[in-house]
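Participant: Structure for the following, please:
(one chain, ligands or ions: 1)
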Amino acid sequence: MRRKLAAGNWKMHGTGADLAEIATLARTHADPACEVLICPPATLIERAAREVRGSALMIGAQDCHSAPEGAHTGDISPAMIRDAGAGHVILGHSERRQDHAETSALVRAKAMAALDAGLVTIICLGETLPDRESGATLDIIGQQLAGSTPDAARGENTVIAYEPVWAIGSGHVAHPDQIAEVHGFLRERLTHRFGTGVAAMIRLLYGGSVKPANAAGIFAIPDVDGALVGGASLRAESFSPIISALEQAAAGI
Ligand code: PGA
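Facilitator: This is a model prediction of the structure:
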């Protein structure tokens, strides 16, 4: 069985004053069937990791470099992320693909480095609105999946997040049929590449305007194992009901 995962992506939000949100979540959620992860900005990882010590809440990073160390001003390595107390890293988010011209090949190199360092990777994929309107969604998703995912991907070290670019931060959540189609396609492509046993264990998250009001509906879609949540993960009062909806989905309620 795939464990559910509710992952919060704080993006470039948050200072020390916001650690209280993480402390609240750590106190509130401890369902073994449902993992909860917060990926704060790199500056907060170490303090956040200290905040969640002794709880089930996990801390992750939002990006890493593909090299173990070196002359890369401003970058952080997978080993540094581990050292700061995080166990996960988001890779290939569409904002990084756009803002920093990250290619799937670079995302794959980063993922390989992250796996070498023992991090769990959350590899993000998603089509733009022009992609979808031109009927290219599955082609784009297929290319991004094949290009970004390393051969060493397994259920215990890799999570795939489907995040339509047009749904991120827009308030326009994808239609359940659209999510079901892409998640079914992802599972099929993973099965083709890695075999049924491995593919059945890789978790597929949906991301893009997940809110308390729409979370239960999204979690009822087949092959949705959780969510990658941006805006609504910044406050415990909005992330907590999303986590609760996932806990209920895990319990079959
Ligand atoms: P959003 O962001 O929930 O604010 O739409 C999701 C994401 O980019 O991971």
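
Participant: residue boundaries of the strands in the stretch 101-250 of the chain?
Facilitator: Remark: strands assigned in the stretch 101-250 of the chain by DSSP state E, counting those that start in this stretch are 120-125, 158-162, 203-207, 226-229.

Participant: just so I know, which of these lies nearest residue 29?
Facilitator: strand 226-229 (12.8 Å; C-beta to C-beta). C-beta here means a position set from N, CA and C on the backbone, and glycine is covered the same way.

Participant: So for the closest one, mean pLDDT?
Facilitator: Per-residue pLDDT over strand 226-229 has a mean of 98.

Participant: check whether that strand contacts the ligand.
Facilitator: Yes. For strand 226-229 and the ligand, the contact criterion (C-beta under 6 Å from any ligand atom) is met by 228-229.

Participant: Can you name every helix or strand that that strand contacts?
Facilitator: Strand 226-229 sits against strand 4-9, strand 203-207, helix 212-219, helix 236-250, with contacts defined as 3 or more C-beta pairs under 8 Å, 6 or more residues apart in numbering; DSSP states H and E.

Participant: Mean neighbour count, distance to the ligand and mean pLDDT added to those, as JSON lines?
Facilitator: Below are the helices and strands packed on strand 226-229 laid out as JSON lines (neighbours: other C-beta atoms under 10 Å; distance: least, C-beta to the nearest ligand atom, whole Å; pLDDT from 0 to 100):
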{"stretch": "strand 4-9", "mean neighbour count": "26", "distance to the ligand": "4", "mean pLDDT": "98"}
{"stretch": "strand 203-207", "mean neighbour count": "25", "distance to the ligand": "4", "mean pLDDT": "98"}
{"stretch": "helix 212-219", "mean neighbour count": "18", "distance to the ligand": "11", "mean pLDDT": "98"}
{"stretch": "helix 236-250", "mean neighbour count": "21", "distance to the ligand": "10", "mean pLDDT": "98"}
